[in-house]
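J.: structure of the sequence below:
(one chain, ligands or ions: 1)
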Amino acid sequence: MIQIPFPPSKAAILLDFDGTLVDIAPTPESVVVPPGLADDLLRLKDMLGGALAIVTGRPIAQIDHFLPGIPHAVAGEHGVAVRTSPEKDITHPTLPSVPADWLQKAEDIVSLHPGASVERKKAGMVLHYRQAPEAETAFRALTEQWSPEAGGFRLQDAHMAIELRPLGVDKGGAVRELMSENPFRGRLPLFVGDDVTDMDGVRAARQMGGAGWLIPDDFPDAVTFRRWLHDLSEGHGWGA
Ligand SMILES: O=P(O)(O)OC[C@H]1O[C@H](O[C@H]2O[C@H](CO)[C@@H](O)[C@H](O)[C@H]2O)[C@H](O)[C@@H](O)[C@@H]1O
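T.: Next up is the predicted model:
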């Protein structure tokens, strides 16, 4: 099991949500927060002097719904939206909006494939096909017609989904931004995620002298990771 070579008083923990804290579910709304997770996270936050954050592709409001009052800070939409502490406003850089005709064409495809959906974000969208796998071909054909970079976007494959994301914003930037604020400042970041978008968070945490781990490379699955997190919250696995 992974050991952290320093004590909680020197650490900050920044965690991905889907596929890490919760198992992947048929739809974004149907994820289930595992029993005991909220208590583990609250105990950890306490041990870390508050330095616990969620860094997710989801909008911040969804983390507030699933983990109400639990993390000190949340970075949502892969870093497009950041709230550095519970009492602060959410900040967003100025970013281009998704062209209305792209949204309309995505909605047109969804209407032909029951179960497919478009998730709108502040500066992007996700075309979900988990519940309608046959829609993937049509989504790919559509997105290949666009020139996302020219409009300030990029396309990213996600879990049974294609995401349109703004250029120049990623989880690495979110980790750096959160780590520059109290109670994270001066601590070493520990970042854990499971997806290609999490690699930016992993790299940033490592470059800042902390550690970054990925499921399934470093933990075989999310259940094993959460068991480790539970042990950390009980004081096991920390160095002096
Ligand atoms: O950065 P994360 O916290 O891992 O969020 C990544 C995306 O997660 C959500 O979609 C994925 O999870 C859903 C629930 O398990 C699943 O139904 C879907 O197929 C996955 O793609 C979320 O909807 C996205 O906004 C996040 O970017």
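J.: centroid-nearest residue for the chain?
T.: Central residue of the chain (CA atoms, centre = their mean): residue 56, 1.8 Å from the mean position.
J.: contacting residues for the nearest residue to residue 84 once chain neighbours are set aside?
T.: Distances taken as CB to CB, 6 or more residues apart in numbering put residue 181 closest to residue 84, at 4.4 Å, once the chain neighbours are dropped. Every C-beta, even on glycine, is put in place using the N, C-alpha and C of the backbone. The neighbourhood of residue 181, defined by CB atoms under 8 Å, 6 or more residues apart in numbering, consists of 73, 84-85.
J.: got the contact list for the closest residue to the ligand within the chain?
T.: Of all residues in the chain, the one sitting closest to the ligand is residue 57 (2.3 Å; CB to the nearest ligand atom). By CB under 8 Å, 6+ apart, the contact set of residue 57 is 17-18, 76-78, 126, 158, 163, 195, 197.
J.: this protein against the ligand: which residues are in contact?
T.: 16-19, 24-28, 31, 56-58, 119, 126, 128, 130, 158-161, 195, 197 (CB under 6 Å from any ligand atom).
J.: which pLDDT value belongs to residue 240?
T.: Note for residue 240: predicted pLDDT of 88.
J.: with residue 44 instead?
T.: Residue 44 carries a pLDDT score of 98 in this model.
J.: ok, residue 1 next?
T.: The pLDDT attached to residue 1 in the predicted structure is 81.
J.: can you lay out the contacts of residue 57 as CSV showing secondary structure and neighbour count?
T.: Shown next, in CSV, are those (DSSP: H, G, I helix; E, B strand; the rest coil; neighbours: other CB atoms under 10 Å):
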residue, secondary structure, neighbour count
17, coil, 23
18, strand, 22
76, strand, 26
77, helix, 24
78, helix, 27
126, strand, 21
158, strand, 18
163, strand, 23
195, coil, 20
197, coil, 22
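J.: same list, those residues, but as CSV with pLDDT please.
T.: Listed next are the contacts of residue 57 as CSV, based on pLDDT from 0 to 100:
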residue, pLDDT
17, 98
18, 98
76, 98
77, 97
78, 97
126, 98
158, 95
163, 97
195, 94
197, 95
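J.: sketch out the strands for the protein, chain order is fine.
T.: Along the chain, counting by DSSP state E, strands occupy 11-15, 52-55, 73-76, 81-83, 117-121, 124-128, 153-158, 161-166, 188-193, 211-214.
J.: if we can go back for a sec, just the buried residues of the contacts of residue 181.
T.: When the contacts of residue 181 are checked for burial by 16 or more other CB atoms under 10 Å, the buried set is 73, 84-85.
J.: re the thing from before, list the contacts of the residue nearest to the centre of the chain.
T.: 16-18, 62-63, 74-78.
J.: ok, now residue 240?
T.: By CB under 8 Å, 6+ apart, residue 240 lies in contact with 6-7.
J.: residue 68 now?
T.: Residue 68 neighbours (CB under 8 Å, 6+ apart): none.
J.: circling back: so which of the contacts of residue 181 would you say is closest to residue 110?
T.: Of all these, residue 73 has the smallest distance to residue 110: 33.1 Å, by CB to CB.
J.: I'd like the distance from stretch 148-162 to the chain centre, please.
T.: 16 Å (CA atoms, centre = their mean, to the nearest Å).
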